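Undergrad: need a structure here:
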Amino acid sequence: RLMMRESNLYSEMHTSSKKGLKLRQWAKNRMPSYLNPEGIYSSHHLSELENMSPDDLHEEYGNVSLYNWVHAYQCLVELSKEELRKRFSSKKPIPLQVDRWLIIKSRENWLSFFKRKGMAEDVAKKVIGYFTFNSKSHDLNDCPFIPCVDGLCLMPALIAHSSATRSLMSLFGSKKISQAGKGRFHEQQFLRQVRAAGIKASPIETHANFQCDCVMLIDDHLIFTELKSNGQPIYYGKYYQQLCNIIGDSSLIYDGNNKLLRSYIEQIDRISTHYLNHLDIIINEFNLPVDWQPKGVHKIIVTTTMLGGKYHSDNVFVVDKYSLSSFLQRVPGVIFQNNEEGDRIKNIIDGYEHCTGEITIEKFLNYLYCLPSVSAVRKNIKKLTYSVRFDETLIYHPYYDSWAFGPYIRKEDEQIN
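TA: From the prediction side, this is the model:
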């Protein structure tokens, strides 16, 4: 699903540029002027990964705006590409000397480099520090600066082909860069989206240690909602750690206060039970009759991590914001297929029929049960295999098609994927 969104975003931006929709002019009015076309695309891509709109990328991680993060890394990518162009256009062999294959500058010169690119000095210093490789780094993509005797060196052959957004996402996690405002930002964004859909919703924070991020009221049904701003894990291990955080496991891990960590499911169970025992708080919050009783109670964990499966457990729904946004905004997923006459027909994907018409509790629950965005990908995704021969040895490399629905082709009277 993540790869599909990435390729679809790239396709949409490419199509917009071809149609002359003046994407750069639009970006100029809404994004920092120092961004080049690749920086504009990377900013959009990062906004997708972080579940933000491009307008929200002024948000700071580690006291550096996300726009500056993208710009700084993109500058290194462009510098590396230029170095490779010079290297391959040269008609003379390049000596096997470190300074001819690496870009080496003092910290002061790197600082001047970023300042020339439009970054403030204090921001550039922070970025250089975060980009410097150390024991916390995952690899040379997320931390491209290698400390050396003469300062910091960069490997252009590696960085020229790096993804700015994926490298930054890895960096934010590996060096635990402060994202203090991220949780509150996503909570406010989610509340706005729910209310815009015509659903009554409010955070409940009356009792300490029992803060509920959002309680929704649909057709006299209560929906207790726990929001988790996890970002999008780049590594498989991080993804499965997120699943353990959601569902819980048997590791009995202790936190800093020597207390067992609660899974997200345990957290929402605990909070919902507490406020059902203090129903007057919810009644006051929503201005309900004093003798009001809910017709039903439901619990949801909403995560910014894009999920690849259904992880509902113990009567708790688990859904990502991407999936839920389609329901709240009433935007059903569609697929285009060719009919017998060769015309393209738009069909709503199974499960997305709940994204049409007025929002009801029945549609809401049915949508959560089926999660069509997950079901559709799992139904259509193809496992393919690369075959690579080395002399007498044939190596098979399995991979998943990044665009699950692929091109639809016709064979006689049968339509197959």
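Undergrad: Return the distance of the most centrally placed residue in the chain relative to Ser174.
TA: Nearest residue to the geometric centre of the chain (Cα atoms, centre = their mean): Leu49, 2.4 Å. Distance, Leu49 to Ser174, using Cβ to Cβ, to the nearest Å: 16 Å. The C-beta positions use only the backbone N, C-alpha and C, and glycine is treated the same way.
Undergrad: same thing with Tyr61?
TA: Counting by Cβ to Cβ - Tyr61 and Ser174 are separated by 13 Å.
Undergrad: Leu328 now?
TA: For Leu328 relative to Ser174 (Cβ to Cβ), the value is 33 Å.
Undergrad: Cys355 now?
TA: In this view, Cys355 and Ser174 are 37 Å apart by Cβ to Cβ.
Undergrad: Look up the closest residue to Ile204, ignoring the ones flanking it.
TA: Spatial nearest neighbour of Ile204, chain neighbours left out: Cys212 (4.3 Å); criterion: Cβ to Cβ, 6 or more residues apart in numbering.
Undergrad: Who are the contact partners of the one you found?
TA: By Cβ atoms under 8 Å, 6 or more residues apart in numbering, Cys212 lies in contact with Pro203, Ile204, Glu205, Phe224, Thr225, Glu226, Ile271, Ser272, Tyr275.
Undergrad: Phi first, then psi, for it.
TA: With angles defined as degrees, to the nearest 10, Cys212 sits at phi -110, psi 120.
Undergrad: how near is it to Cys355?
TA: The value you get for Cys212 to Cys355, if Cβ to Cβ is used, is 26 Å.
Undergrad: go on, Ile381?
TA: Ile381 is 22 Å from Cys355, by Cβ to Cβ.
Undergrad: And for Ser42?
TA: 30 Å.
Undergrad: Neighbour count for these two, which is higher?
TA: Ser42 (24 against 20; other Cβ atoms under 10 Å).
Undergrad: Buried residues, stretch 135-143. List them.
TA: Within stretch 135-143, the residues that count as buried by 16 or more other Cβ atoms under 10 Å are Ser137, His138, Leu140, Asn141, Asp142, Cys143.
Undergrad: Around Glu59, how many other residues sit close by?
TA: Other residues within reach of Glu59, judged by other Cβ under 10 Å, total 14.
Undergrad: so it touches His186, yeah?
TA: No. Using Cβ atoms under 8 Å, Glu59 is not in contact with His186; the gap is 10.2 Å.
Undergrad: Name the nearest residue to the residue nearest to the centre of the chain, ignoring sequence neighbours.
TA: Counting by Cβ to Cβ, 6+ apart, Gln232 is the residue found nearest to Leu49 once chain neighbours are left out, at 4.5 Å.
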